[in-house]
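> What shape does this take:
(3 chains)
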Amino acid sequence: MTEGLTRRLGGRLAFGGDYNPEQWDEAVWKEDGLLMRWAHVNLATVGVFSWALLEPEEGRYDFGWLDAHLDRLHAAGVAVDLATPTASPPPWFTLAHPDAMPVTDTGVRLTHGSRDTYCLAAPAYRQAALRVATALAQRYGDHPAVAMWHVHNEYATVCWCDHTADAFRRWLRGRHGTLDALNEAWGTAFWSQRYGTWEEILPPRATQWHRNPALALDFRRFWSDEALAAYREQRDAIRAHTAADRPVTTNLMVPGYQILDLWSFGREVDVVGIDHYPDAPGTGAAADIAFGADRARSFGGGKPWLLVEQGANTVYTADRTLPKEPGDILRHSLAHIAHGSDGAMFFQWRQSKAGAEIWHSAMVPHAGPDSRIFREVADTGAAVARLGEVAGSLVTAQAAVLHDSDCWWALDGQGLPSASLDYHSELRRAHRALWDAGITADFAHPGDPGLSRYRLLIAPALPVLSDAAAESLRDWVHAGGTLLVQHFAGVVDTNHQARLGGYPAQALRTALGVRVEEFRPLAADAALRLSDGSTSTAWSESLRLTGRAEAVAAYTGGMLADRPALTRHAYGAGTAWYASTRLDDAGYDALVARVSAAAGVGPELPLPTGVEAVRRHAPEGPVSWLFLLNHTDSPATVEAAGHDLLTGRPVPAAGLTLPPGGAAVLRQE
Amino acid sequence: MTEGLTRRLGGRLAFGGDYNPEQWDEAVWKEDGLLMRWAHVNLATVGVFSWALLEPEEGRYDFGWLDAHLDRLHAAGVAVDLATPTASPPPWFTLAHPDAMPVTDTGVRLTHGSRDTYCLAAPAYRQAALRVATALAQRYGDHPAVAMWHVHNEYATVCWCDHTADAFRRWLRGRHGTLDALNEAWGTAFWSQRYGTWEEILPPRATQWHRNPALALDFRRFWSDEALAAYREQRDAIRAHTAADRPVTTNLMVPGYQILDLWSFGREVDVVGIDHYPDAPGTGAAADIAFGADRARSFGGGKPWLLVEQGANTVYTADRTLPKEPGDILRHSLAHIAHGSDGAMFFQWRQSKAGAEIWHSAMVPHAGPDSRIFREVADTGAAVARLGEVAGSLVTAQAAVLHDSDCWWALDGQGLPSASLDYHSELRRAHRALWDAGITADFAHPGDPGLSRYRLLIAPALPVLSDAAAESLRDWVHAGGTLLVQHFAGVVDTNHQARLGGYPAQALRTALGVRVEEFRPLAADAALRLSDGSTSTAWSESLRLTGRAEAVAAYTGGMLADRPALTRHAYGAGTAWYASTRLDDAGYDALVARVSAAAGVGPELPLPTGVEAVRRHAPEGPVSWLFLLNHTDSPATVEAAGHDLLTGRPVPAAGLTLPPGGAAVLRQE
Amino acid sequence: MTEGLTRRLGGRLAFGGDYNPEQWDEAVWKEDGLLMRWAHVNLATVGVFSWALLEPEEGRYDFGWLDAHLDRLHAAGVAVDLATPTASPPPWFTLAHPDAMPVTDTGVRLTHGSRDTYCLAAPAYRQAALRVATALAQRYGDHPAVAMWHVHNEYATVCWCDHTADAFRRWLRGRHGTLDALNEAWGTAFWSQRYGTWEEILPPRATQWHRNPALALDFRRFWSDEALAAYREQRDAIRAHTAADRPVTTNLMVPGYQILDLWSFGREVDVVGIDHYPDAPGTGAAADIAFGADRARSFGGGKPWLLVEQGANTVYTADRTLPKEPGDILRHSLAHIAHGSDGAMFFQWRQSKAGAEIWHSAMVPHAGPDSRIFREVADTGAAVARLGEVAGSLVTAQAAVLHDSDCWWALDGQGLPSASLDYHSELRRAHRALWDAGITADFAHPGDPGLSRYRLLIAPALPVLSDAAAESLRDWVHAGGTLLVQHFAGVVDTNHQARLGGYPAQALRTALGVRVEEFRPLAADAALRLSDGSTSTAWSESLRLTGRAEAVAAYTGGMLADRPALTRHAYGAGTAWYASTRLDDAGYDALVARVSAAAGVGPELPLPTGVEAVRRHAPEGPVSWLFLLNHTDSPATVEAAGHDLLTGRPVPAAGLTLPPGGAAVLRQE
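Below is the predicted model:
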């Protein structure tokens, strides 16, 4: 719920960033005030890394300096997203509580010297974190500057220590009830792993060969729940001292790995907040932003969310940080807003002059305000300030990509048939195919009870599937949905036990009209040609058609020659497609286009390649805002009319020409 | 000795696999009975991973469930290869004996959660393992179902803990007698490593730079002996309770690494049993099977052996498991039998529905009996059932590849002149060259006193060579043998001390007629051309001819221009060849062909490329069986006559045409 | 100061190597005597790895064997470089002082079994080392054989243990005085790292994410100082018992990593001694020797130094040791002497027959004296024996490359903008460009108060720069110097705090006439074209010209099109150039040539490619010696006259033709 925030921001979208005045002096604070006004900053995230100052010795708090900053910001008209500092315990914490330091799976106990040096399951850490969060809430719960609460920072650590072992066992008792049930669920008859007492159960520490995959999967679930419990503890303590219209959240990361089940976090935060740094320049950045933003929106159930961190000049690639191009700061900010963010925030306001992130870009770079970066930031602030009316509006989609942490974790495990079974790349590719086609997409959990709001579902990587979810998908197809399922789907249940008698899960076999008998992974350098001329790699399957399913394309060589590769099944009022091999990009895009067309799902409007259109619409009534973003280096003409909030001018029915890298936000009724 | 086993199997070859009924329920057991009969299964390996069920708490045994399965199998006519479960201690073992968990060389103590979590040198583990093995032997020593004993599973772990240190010291006292002798043997004057007390000696744990290579080599020898002692302990306990005609063995792995000295294991098992999974598809698989099978046969001194594990659909490559092609299950099984196995077993009967090897293929896959895999398994069972008469027959070879664990371990060490000195790839290449030429080959230890049974020996990688072995090789050449020795041979003695005055060891210098003065390793991307047009990489040597040796090919550039690269020495009645550089594959194949021809060693019969012929002959009398295996995708005509056991039909003198992937087993007299 | 050494060597250059007679027996010692005479050996480094023999039990010394060797050597006319054996504590030391074993950053405690297993900061180690060094000095301080002292061996270890933590805290108190100052210097306000007590400070042990870069940089400085203190302790103990004309030193390594600040070691040793092994064959080796030798000379302030170790047949590359080519032993030895070494020593005299370095080449190889290697060694000894008159002469340079350990360490840290910021490769490339141009170069520290002796300075990688050094460089340019600075220079001060308001440090901005506003790292595979046709990779910067600076070449595409890439600034009587991108090799060589020409710096004489000329000149008077080294495979004609010390013949004014790989040493007056 961003309503409270929007109201406190005077009906404007949020614009600003992490603000760490404790790293600077009074002269800089003064300049900050001027520059923030210049840049239309209206929200500052304060205190994320201030534990050592707030609690210089265990139990002794020093709030004076923070009082002064909050008062100053309030006086300057900048609202505060007040953070609990629990992501970075001070050095004294290590000395006082060595048992609360995190331990790796090989038994290495980490120390402070960086950040995030704690075990989330260690009582001493949880107590210390709750105490400082409570103290902050008590002191600032009613502070007029505070518009929002920011718990912790980027929950992303894991620990294998004895506290973790205790907590894991408690969680397992809750999930499985009895040891017999656990032994059955984990299949401990294999490799002589039957547990006789709860005490025998350990986290997945270093061992000789592969681990039990059901244990590994439960450990990932447990840890996500443990992090969620840590979040909820702080959230509840804050709620006890602050008004309900000041939303509490945490800044989630939505990158290519997943420690947390973000669906469950989405249910517990008042507003989904994410950090997002593109992993490629150019159009790749735009697609990555859409991918992250659509996930953020989906985790929150479609409500407006908030981009809590982006980088002013930061594109993270494997071993180097690439800069942004001129115009990116504005267009990337608009892209997030287009996909449902009620603001655009940065890490951080001022580039640190010291510390581990000295080279991380910021709104005010080392060079100071006389810089391209600050000028673009200020221009972006001015542009965002014109968009207040879109606050609270929604994005809806007719298509969704199925997304499940269990599946990600399972494909992140050991002993899989092929290293080419990668969750994240499949998830991204499915979303990218829709994005390239101009189709706005949600993500949906396969067990989501509200799938009926979609006409098209794509399941790019769905190895773990419960009976209930399989049945729900089957029924959704029967009721008229169009489903595309990709290889290695539904092969295990939620205890990671194999589906017997042919894959996938029975109800999905019914919907797809296929029975998969045998996996036939391909060599790393092998490629197949299908009967429709497309090519594929990585994987193939021997399958049999059942019901009225038909082959859309067949294999053409080897044991599988003339056997079905891509299939379609008219089932009830819907259609279910199955791709038993990994199509190359062109073939995959063509398949998604074909399936989308069959589902009657298409783009908002016809668009040149590289130009994006996303619509936000008012929760009620006919008003909507069409965001048009030209991610290319060339001018692009779009046939769309309305009132452009960025220029303040009407756009006639003939449409408009976006300059290279340009954007428009058209109010339409 | 497989006689006892064959007799208990009613004169048939063994066919079956690991059978883990504890992972299933009664309905499945019933189906198992039907399917085993259908597939002609006559041997099941039972109990490999059942410790947690057999001994649910320390010292309390539960045999009831196993009684029932053995009785059931016996009633169904399936004999049992009964396993001791010691490769996978139950979780309670970790809690009860934390000091018996294995420790890595960096001090990480592993835990259960996988399998093989024990230190072989830990008294608590050894006692527990011996106790459960003894209990099994006492209870089932006379059980009519038991036809064979299977100790442990795939000994392959190493440990660096304090128990290991103690055992290492004891072993070193046995080997070296005194500390002075040890200091002398290890050359501890280098780098100030002189030991003043036995307590100072440690396993090769993490240290600052390279380790003493003699210590490293002794540690590998010690560990292999420790594993052998653990095996013998169980074997002796079983022998005390079971008849001598029920052989005791363990399933050895013969892959691209070597923890154990398989020669010494071969001397202590009643029947050599191996696990084998090809590492490449197609002809590569066939060559790899021959390589593994010839090693298995050789470790057992030429006697029939047993393939204890193969995969129904498993080709292990670096990061993915490739499937087999139709026909492979039969042809691979026949290939092992051709090379001397008295049966073909699988891991495992039924594909596990849970656990770490959920995706490992099996005779009955997840899809159930209505599957290509089970149909091929059943057909293979029927075919193997027709081959009973070959049981006990032998394979003999005129050529052998020299193979010595010391050499493998030495080249697996630190501080070598070049990373291109790889033991396993050289060993395989030598065998492959012979296999490609249709020549059946043994492996032989360089110290083997019975080398006179061979006409041709190839030493592809022989850095460590004792004086005695060098003299034995010299005398063997002098008596008429043909020897091919490859670069970096005989450079150290068995204490890893360098041969001085020129390499290799003196007696080998005499036989080869060369004195190697200087190694000249090549850059990773460098290649040489020799005077005969062949090319080579990785290595070169500056050498001088002695005696009547002559250069067969010379180097053509650099400091070594016109100096000998490949040499031949007529020595006594024999000939010794030396290759001082690593020839490319084509040149190497040509050299092996030339040397083989000079030795008068050739194939069984002329064969098309990719078709394999191996002969097993009765221990006495004129009967033999010629196995013909077409590993290609095309029909192949072979001129050979006899009675084909697979079809039950005679094959006339004009020979037969094997279909693609086809096979024949011709009885000849 | 090599005077004392030279005098004890009878006015000759040093020639010999590490001599470890304890690894051999009396027969070998006898042969050693003959062969050393044959090879003109006059200096032997003795005792480097003899601690276990010298002190077989803690506190009990056995010098008898060493007495005998020293007496024998002295009688044979071989002087001794007597080593303290402290680089390799005996096995008993581990047992007696487990707390003195080194610990890695992940907490792994190493053990003996190699060498260098100690923590330099552990009191037990320091005491034991000092005790044995003192005992040696007491016994041999006046021994007539001893001409030089060799402390320890290749200081190159690091430790993260609790002793290290204690020592680090003491060092930090010394550097920063108060915790407040430390917190300020390290910028601990970032990530909540404020230290409340000294005890909270730890070495940079394993932690969750990036470390504080100022802590990391201080730890590197601390450790270098700790090693220096360990060296000084031994040196002072030796000086107390030996005459001042017997220099004390340690053998430094000058490879591609840097644990020590070699500038500070250079100030504390009597003679800089280095070990040098080329990392490439051919011309690469020659350039690498010049690089290492010029650094050695520079660390000693330009005085003669000593090559303590080279390999007779050793070129170390990534995963293999390449051999040397015929003639290399002599020419490499001469190359070191040309660049200022007063001798040429080897590791080691006789190739060890056992131990971790069994394959490391030596003056007498395994093959014995009847070998190419020994023959070349003996020839080299004869040649070096003719060069006695150059002892004590100097090499001077007009150009220098700026070189600072702080910069190396900073670029070896975490969180940098690009993995392409590599210190060592930039340092080497700058030196190589000068070497290829025939220009003799020094290295200089940016804070060197005597920069005025140079006309040209190149700063290839200078991220860390103090205000004082920046001002010194500015003033040096103003006074007429020519400076070339490369990208990412002067970006942080010595506390690793960023320069604000535009990079680099203010005084350097003044000298260069540029203000760098923004870094724009390039993707790993990206390349840029500049307006002058050159190309570049890795990095670009957005900068503005100030003062009278002008663009020498501009960027041609993207945001930086037409903006300055390479700049030149006439400042005072000098000129400062700035390269804001990483030029490809050809472009870089051209730029260095252009800048050198502008500075009036050129080669000794015109030379064919691959031929090197270096001049040593007498400290006083007109005599100098021109070393001419033909590193190519072809004859090379050089126009230079003089008296060739190698042939003993005059060379006329028309010059001489060096054979392929040949050399001459011309005395000129």
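> Closest approach to chain C from the stretch 101-250 of chain A, which residue is it?
Taking C-beta to the nearest C-beta, chain C has its nearest neighbour within the stretch 101-250 of chain A at A:Ser114, 3.9 Å off. Quick note: C-beta positions are derived from backbone N, CA and C, even for glycine.
> Now do A:Ala573: how many residues are near it, please.
10 (other C-beta atoms under 10 Å in any protein chain shown).
> again with A:Thr494
Neighbours of A:Thr494 under the rule other C-beta under 10 Å: 20.
> Quick check: phi and psi on the closest residue to A:Ser420 other than its chain neighbours?
Residue nearest to A:Ser420 in three dimensions, not counting chain neighbours: A:Ala538, with 3.8 Å by C-beta to C-beta, 6 or more residues apart in numbering or on different chains. Note on A:Ala538: backbone dihedrals following degrees, to the nearest 10 are phi 70, psi -40.
> Any figure for the gap between A:Ala538 and chain C?
Noted for A:Ala538: a distance of 24 Å to chain C, by C-beta to the nearest C-beta, to the nearest Å.
> pLDDT value on that residue, please?
Per-residue pLDDT puts A:Ala538 at 98.
> isn't it right up against A:Asp422?
No: contact criterion C-beta atoms under 8 Å: A:Ala538 and A:Asp422 do not qualify, at 9.2 Å.
> For A:Gly10, give its distance to chain C.
A:Gly10 is 31 Å from chain C, by C-beta to the nearest C-beta.
> If you could redo that for A:Ser580, that was the one I meant.
35 Å.
> Any chance of the backbone angles for A:Leu528?
Dihedral angles for A:Leu528 - degrees, to the nearest 10 - are phi -120, psi 150.
> Count the neighbours of the nearest residue to it once chain neighbours are set aside for me.
In space, and not counting its chain neighbours, A:Leu528 is closest to A:Ser536: 4.9 Å by C-beta to C-beta, 6+ apart. Around A:Ser536 sit 25 other residues, with neighbours defined as other C-beta under 10 Å.
> Enumerate the residues of the stretch 101-250 of chain A near chain B.
By C-beta under 8 Å from any C-beta of the partner chain, the residues of the stretch 101-250 of chain A that approach chain B are A:106-107, A:186-197, A:199-202, A:204-215.
> Now with 7 Å, please.
Residues of the stretch 101-250 of chain A lying near chain B by C-beta under 7 Å from any C-beta of the partner chain: A:106-107, A:186-187, A:189-196, A:199-200, A:202, A:204-215.
> Just those residues: which are in strands?
Assigned to strands by DSSP state E, none of those qualify.
> just the buried members of those?
Among those, those buried by neighbour count (16 or more other C-beta atoms under 10 Å in any protein chain shown) are A:106-107, A:186-187, A:189-196, A:200, A:202, A:204-215.
> Can you give me the domain boundaries for chain A?
Domain assignment of chain A by automatic domain parsing yields the ranges A:399-599, A:611-668.
> So the last one, near chain C or not?
I take that to be domain A:611-668. No: judged by C-beta under 7 Å from any C-beta, domain A:611-668 stays clear of chain C, getting no closer than 10.2 Å.
> So what would you say the end-to-end distance of that domain is?
End-to-end distance for domain A:611-668: 19 Å, by C-alpha to C-alpha, to the nearest Å.
> do stretch A:617-629 as well
Per C-alpha to C-alpha, stretch A:617-629 runs 17 Å from first to last residue.
> Buried residues in that stretch, which are they?
Here stretch A:617-629 shows A:His617, A:Ser624, A:Trp625, A:Leu626, A:Phe627, A:Leu628, A:Leu629 as buried, counting by 16+ other C-beta under 10 Å.
> what about the last one, which SS state?
Same thing as A:Leu629. Under DSSP: H, G, I helix; E, B strand; the rest coil, the three-state class of A:Leu629 is strand.
> For it, give me its contacts.
A:Arg331, A:Leu334, A:Ala335, A:Ala338, A:Val611, A:Glu612, A:Ala663 (C-beta atoms under 7 Å, 6 or more residues apart in numbering or on different chains).
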